[in-house]
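1. 3D, please:
(one chain, ligands or ions: 1)
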Amino acid sequence: MATYRCVACGRVFDTISKSLIRCPSCAYRVVEKVRPPVTKKIKAR
Ligand SMILES: [Zn+2]
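-> Here you go, the predicted structure:
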């Protein structure tokens, strides 16, 4: 699953199917991929 953001209304949503990526709010089909805020902790040795 990936997170996308609609470029028209700015709504962030998750996609379930890869074939149909569409904004659930305004049905706009131009979206940009959003990386979820994942904090990686790496120990420096
Ligand atoms: Zn939208």
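2. partners of the helix or strand of the chain with the lowest mean pLDDT, with directions?
-> Ranked by mean pLDDT, DSSP states H and E, the helix or strand of the chain with the weakest confidence is strand 12-15, at a mean of 88. Strand pairing for strand 12-15, using DSSP bridges, gives strand 2-6 (antiparallel).
3. got the contact list for the partner strand?
-> When contacts are defined by CB atoms under 8 Å, 6 or more residues apart in numbering, strand 2-6 is touched by residues 11-15, 21, 23, 25-26, 28, 30-36. No exception for glycine: its C-beta is placed from N, CA and C like everyone else's.
4. what does stretch 34-45 give?
-> Stretch 34-45 is contacted by residues 3-5, 12 when judged by CB under 8 Å, 6+ apart.
5. May I ask which of these has the most neighbours?
-> residue 4 (17 neighbours; other CB atoms under 10 Å).
6. how near is that one to residue 17?
-> Using CB to CB, to the nearest Å, residue 4 is found at 12 Å from residue 17.
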